[in-house]
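S.K.: Here's my sequence, what's the structure:
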Amino acid sequence: MSSGGMLYGGDEIGALVFDLGHHSLRVGYAQEDTPKAEIPAVVGIGEENCNNTVGTTNIATGTNKIEPMDIDDKKQDNNITQSKPKYYIDTTILHVPRPGMEVVSYMKEGMIEDWDHFEKVLDYTYSKIIQSDAEFHPVLFSEAPWNIRSKREKLTEIMFEKYNVPAYFLVKNAVLAAFANGRATGIVVDSGATHTSAVPVQDGFVLTQAIVKSPLGGDYITMQCRQLLQDNDIDLSPAYMIGSKEVVKDHEKPRWVKKKGLPEVTKSWQNYMVKKLVQDFQASSLQISETPYDEKIVSTIPAVQYEFPTGYHQDFASERFRIPEALFDPSMVQMRGGMVGNTMLGVGHIVTTSVGMCDVDVRPALYGSVVVTGGNSFIQGFPERLNRDLSMRIPSSMRLKLISANGCAERRFGAWIGGSILASIGTFQQMWISSQEYEESGKSQVERKCP
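M.R.: From the prediction side, this is the model:
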């Protein structure tokens, strides 16, 4: 493109930023403070006649009807018409009960696993969220620091070949989270859905040899919460099932009536809705102790009451501290299937191990900028506990500074905000991979230009 790099960024065309995580996809325009939409990283797949549209509104378009992304392909095979499935995307549409609709994730360990389903979400994003053609917008994508070359090249190929974007760039999400907090060097502690990781960043580049990961993340916490609630014989019927309910006293059995006319839903969709309920309990009730878990100490802290969709409510005391403690002390891990907690590292240990694998000269700068991000960092007490654990682990000569954005949006959308900032900086405009460069050099350009 002869008109130069500055054509691509900022105000001229409106670059888009896509921050892809295991839990959701955040998308919006560069220079904005927050993403335009956050779309769950799952798709609903239903048969063509799966059209129960009871009581919902399409948030993305503002219309009072369901508009699932359905690609109405039909295969002709020996004169028999085989209908392809319909795809249901985004929170409001996914939460409507439909007969036979399965819910599947297209992500695995923070990387794209099912490209067909991912493309369905991209189609939805451009048509319903952005409401513009992809060819008019440069695109900056975030990626997991451990993303592999084949997946990086595949995404590059899809964006240029299928979506005809004018320019494209791929950045590690840890680098973007650091940028969002005004840092080019630091260690990014990301506690997300599938894992908790420590990723050292130096001058805007990830030190890949020193990345340390633990399989303990939000999904483990959710699983433990669900087990706790089931052990307490608590009815986990999601809100969509409740037709009416009565007010009951503490610990009194709930009295509710099931909504009439509900379709027969799949196990995957029911599990998805129950998981949403458990995650709400998780966000409302859990807390991390400022010091290592001690039953005597936490028993003196007031209990928290939670009311379930059925109307049942109960106080939760020490258990709301015990479950998330596993993030910092894996010996607390209770798992079926043989995962031994003692073989894993707590959050503080992950950080010190990662820094210890870096050059001695860069360690002070890393400890001086510990950036906290990811969904689990919202658990009350998480940053304070990490600060305490690190203070006791690092050499006294090191200055420790924990950077944990106070605002909900800043921490939740950290990587997206970093991408929004980066894509609007004037000096970045020469960094884009242009469509012309792609035509000349192909998908391998991403390895050369996007470290």
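
S.K.: which sections of the stretch 351-451 of the chain are below the confidence cut-off?
M.R.: Scanning the stretch 351-451 of the chain for pLDDT under 70 picks out no residues.

S.K.: With the stretch 1-150 of the chain instead?
M.R.: Short version for the stretch 1-150 of the chain, where the test is pLDDT under 70: 1-13, 48-83.

S.K.: ok, which stretches of it are strands?
M.R.: Here the stretch 1-150 of the chain has its strands, by DSSP state E, counting those that start in this stretch, at 16-20, 24-29, 37-40, 42-46, 74-77, 80-83, 86-88, 102-105, 107-108, 111-112, 139-143.

S.K.: so which of the ones you listed is the most packed in?
M.R.: strand 16-20 (a mean of 27; mean count of other C-beta atoms under 10 Å). (Glycine included, C-beta is placed from N, CA and C.)

S.K.: Counting by contacts, list what that strand packs against.
M.R.: strand 24-29, strand 139-143, helix 414-423 (3 or more C-beta pairs under 8 Å, 6 or more residues apart in numbering; DSSP states H and E).

S.K.: Turn the ones you listed into CSV, including distance to residue 88.
M.R.: CSV is the format used below for the helices and strands packed on strand 16-20 (distance: least, C-beta to C-beta, whole Å):
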stretch, distance to residue 88
strand 24-29, 15
strand 139-143, 24
helix 414-423, 24
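
S.K.: just so I know, which of the ones you listed lies nearest residue 444?
M.R.: strand 139-143 (16.2 Å; C-beta to C-beta).

S.K.: Each with direction, which strands does the closest one pair with?
M.R.: Strand 139-143 has the following strand partners under DSSP bridges: strand 16-20 (parallel), strand 167-172 (parallel).

S.K.: Kindly state which of these is positioned closest to residue 433.
M.R.: Judging these by C-beta to C-beta, what sits closest to residue 433 is strand 167-172, at 5.1 Å.

S.K.: Next, the angle helix 414-423 makes with the following helix or strand past that closest one.
M.R.: Once strand 167-172 ends, the next helix or strand along the chain (criterion: DSSP states H and E) is helix 173-180. Orientation check (axes from the mean of the first three to the mean of the last three C-alpha atoms, to 10 degrees): helix 173-180 against helix 414-423 gives 70 degrees.

S.K.: What lies in contact with helix 173-180?
M.R.: Helix 173-180 is contacted by residues 19, 21, 142-145, 184-186, 188, 190, 197, 199, 201, 204-206, 369, 371, 373, 405, 410, 414-419, 421-422 when judged by C-beta atoms under 8 Å, 6 or more residues apart in numbering.

S.K.: from what I can see residue 26 touches residue 32, true?
M.R.: No. The pair residue 26 / residue 32 is not scored as a contact, 11.1 Å apart, by C-beta atoms under 8 Å.

S.K.: longest helix of the chain?
M.R.: helix 267-285 (DSSP state H).

S.K.: What average pLDDT does it get?
M.R.: For helix 267-285, the mean per-residue pLDDT is 98.

S.K.: May I see the buried residues of the helix or strand that that helix is followed by?
M.R.: Remark: after helix 267-285, the chain's next helix or strand is helix 295-298, criterion DSSP H and E. By neighbour count on 16 or more other C-beta atoms under 10 Å, the buried set for helix 295-298 is residue 298.

S.K.: now residue 254: how far from residue 236?
M.R.: 11 Å (C-beta to C-beta, to the nearest Å).

S.K.: So for residue 245, which of the helices and strands packed on strand 16-20 sits nearest?
M.R.: strand 24-29 (30.0 Å).

S.K.: who's in contact with residue 162?
M.R.: residue 119.

S.K.: got the domain boundaries for the protein?
M.R.: Here the domain parsing of the chain from automatic domain parsing is 5-181+410-449, 218-313.

S.K.: Just the endpoints, please. Distance across the last one?
M.R.: In terms of C-alpha to C-alpha, to the nearest Å, the two terminal residues of domain 218-313 are separated by 24 Å.

S.K.: Can you give the distance from it to the centre of its chain?
M.R.: 21 Å (C-alpha atoms, centre = their mean, to the nearest Å).

S.K.: From here on, call the first residue 563.
M.R.: Shifting the count to begin at 563 puts that one at domain 780-875.

S.K.: before we move on, the earlier item: next, show the common contact partners of residue 816 and residue 798.
M.R.: residue 870.

S.K.: returning to what we had before: and of the helices and strands packed on strand 578-582, who's closest to residue 905?
M.R.: For residue 905, the closest of those is strand 701-705, at 28.0 Å, according to C-beta to C-beta.
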